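In: Turn this into a structure:
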Amino acid sequence: MRVAAAFLADAANVREGTLGVLSGFINTINREEYPAPLGATLVVVIEYDEDEARRGDPERTFRVRCEPTVGGGEVFGLEGTFSLGGGSDSFGYIPMVFTLAEAQIPMPGSYRIVFEGVGLERVDVRFYANATEMPSLDEE
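Out: Numbering: from 1, shown residues only. Predicted coordinates for the structure are as follows:
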């Protein structure tokens with residue numbers, strides 16, 4: 001079992017096992033002031049095979065956390081479970097979507113969203129929070 005894809009997008013949904021993504025692979029957010037909402041969705045796709053489907057419980061746990069790339073504590077986090085589909089001879093992909101639009105980013109800088117789960121290698125989704133300030137229209 002492995003993480004086949006993990007990235008930030010403007011929006012995403014899963015319908016009948018099919019993943020729909022709008023503007024994927026965001027690596028920079030631009031905000032005028034901080035703290036600011038992330039305004040993005042985390043997309044993770046797990047790939048598994050028959051061997052993994054035969055191993056243990058089909059329910060698997062995961063944890064997601066956001067932290068500065070260098071130093072600092074957890075900015076936000078969440079935990080949950082996912083299920084391997086089908087029976088012991090099944091294989092496939094499990095698309096997951098986590099809406100993080102309102103998650104607060106405290107200051108400009110480099111961040112990573114860490115996805116880890118039972119039987120999975122850790123995956124980091126990195127992004128940079130950029131401070132932008134619009135020029136005043138009154139200045140000449």
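In: right, and Thr41 touches Asp10 too?
Out: Yes - contact status for Thr41 versus Asp10: in contact at 7.0 Å, counting by C-beta atoms under 8 Å. For every residue, glycine as well, the C-beta is placed using N, CA and C.
In: neighbour-wise, which of the two wins?
Out: Thr41 (22 against 13; other C-beta atoms under 10 Å).
In: By mean pLDDT, flag the weakest helix or strand of the protein.
Out: Counting by mean pLDDT, DSSP states H and E, the chain has its least confident helix or strand at helix 50-54, which shows a mean of 75.
In: Does the helix or strand just after it pack against any helices or strands, and if so which?
Out: With elements assigned by DSSP states H and E, the helix or strand that comes after helix 50-54 is strand 59-68. For strand 59-68, the elements it packs on are strand 76-83, strand 109-117, judged by 3 or more C-beta pairs under 8 Å, 6 or more residues apart in numbering; DSSP states H and E.
In: which of the ones you listed is buried the deepest?
Out: strand 109-117 (a mean of 19; mean count of other C-beta atoms under 10 Å).
In: That strand - what's its average pLDDT?
Out: In this model, strand 109-117 carries a mean pLDDT of 96.
In: how much does that strand deviate in direction from strand 59-68?
Out: 170 degrees (axes from the mean of the first three to the mean of the last three C-alpha atoms, to 10 degrees).
In: so what secondary structure elements neighbour the helix or strand following strand 109-117?
Out: Downstream of strand 109-117, the first helix or strand assigned by DSSP H and E is strand 123-131. When contacts are defined as 3+ C-beta pairs under 8 Å, 6+ apart, strand 123-131 sits against strand 2-15, strand 28-31, strand 109-117.
In: about what we covered before: please render the helices and strands packed on strand 59-68 as a markdown table that adds distance to Val123 to the earlier fields.
Out: Converted to a markdown table, these look like this (distance: least, C-beta to C-beta, whole Å):
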| stretch | distance to Val123 |
| --- | --- |
| strand 76-83 | 14 |
| strand 109-117 | 5 |
